[in-house]
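A.B. asks: got a predicted structure here, sequence first:
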Amino acid sequence: MGRVNEADLDWSETERETTHFRRKELGAETDVSDLGASLYELPPGGSSWPYHFHTGNAEAIYVLSGRGTLRTPDGEEPIAAGDYCDFPASEDGAHRLRNDGDEPLRFLAVSTMRDPDVTVYPDSGKIGVYAGSPPGGDEDERVVAGYYREDDDVDYWEDES
């Protein structure tokens, strides 16, 4: 059994334009490699990762404190402490959280850790490709990883002999 206390982990911070959050990767510190778990905290005005969905990994969140807005393919809706939301591995699972409250929005995010995975970003028309280690996994183990515009599609036989 793996065990970690969040108080023993340092926060990492991501800030880029409207994306702003702190994260503690709980699952990376335990023994089970096919289940991810992270504690997130969005400051007032901050948002989570860009609007996206996975084709190989399901995700879920449980809101611990604060309030905000959840964007899904059905539109935007308020979320608050006690809310649990799951996001299937399909376009129906597209999501992004935004803290439009006055207090930090804190939530636990869990995910399957299947490899390989493709992440789709509908707003920007990009895809992320991961093989060797899933998103949230060990980047050093990846044999393929990158982000590409969906419009850059080429014919299978292009540049092949």
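C.D. replies: Noted; the coordinates are in hand. All of these numbers come straight from a predicted model, not from anything done at the bench. Numbering: from 1, shown residues only.

A.B. asks: all strands for this protein, in order.
C.D. replies: 12-16, 19-25, 35-42, 53-54, 59-65, 67-72, 75-80, 84-87, 96-98, 105-112, 117-121, 126-131, 144-149 (DSSP state E).

A.B. asks: okay, those in TSV with distance to Gly137, mean pLDDT and mean neighbour count next?
C.D. replies: Using the backbone N, CA and C atoms, a C-beta is placed for each residue, glycine as well. Putting the strands of the chain into TSV (distance: least, CB to CB, whole Å; pLDDT from 0 to 100; neighbours: other CB atoms under 10 Å) gives the following:
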stretch	distance to Gly137	mean pLDDT	mean neighbour count
strand 12-16	15	97	11
strand 19-25	10	97	18
strand 35-42	8	97	20
strand 53-54	13	98	24
strand 59-65	14	98	18
strand 67-72	25	98	18
strand 75-80	27	98	12
strand 84-87	18	98	15
strand 96-98	21	98	20
strand 105-112	10	98	20
strand 117-121	9	96	19
strand 126-131	8	94	17
strand 144-149	10	93	11
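
A.B. asks: can you add distance to Glu160 and give those back as a markdown table?
C.D. replies: Below are the strands of the chain laid out as a markdown table (distance: least, CB to CB, whole Å):
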| stretch | distance to Glu160 |
| --- | --- |
| strand 12-16 | 37 |
| strand 19-25 | 38 |
| strand 35-42 | 36 |
| strand 53-54 | 29 |
| strand 59-65 | 36 |
| strand 67-72 | 40 |
| strand 75-80 | 43 |
| strand 84-87 | 37 |
| strand 96-98 | 38 |
| strand 105-112 | 34 |
| strand 117-121 | 22 |
| strand 126-131 | 19 |
| strand 144-149 | 18 |
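
A.B. asks: so which of those strands gets nearest Met1?
C.D. replies: For the strands of the chain, the distance to Met1 is smallest for strand 35-42, at 12.8 Å, taking CB to CB.

A.B. asks: run through who's touching that closest one.
C.D. replies: Residues from elsewhere that reach strand 35-42 (CB atoms under 8 Å, 6 or more residues apart in numbering): 6, 11, 20-28, 48, 66, 68, 97-99, 104-113, 134, 136-137.

A.B. asks: likewise for stretch 95-105?
C.D. replies: Residues contacting stretch 95-105 (CB under 8 Å, 6+ apart): 18, 41-53, 59, 61, 63, 65-72, 79, 85, 87, 107.
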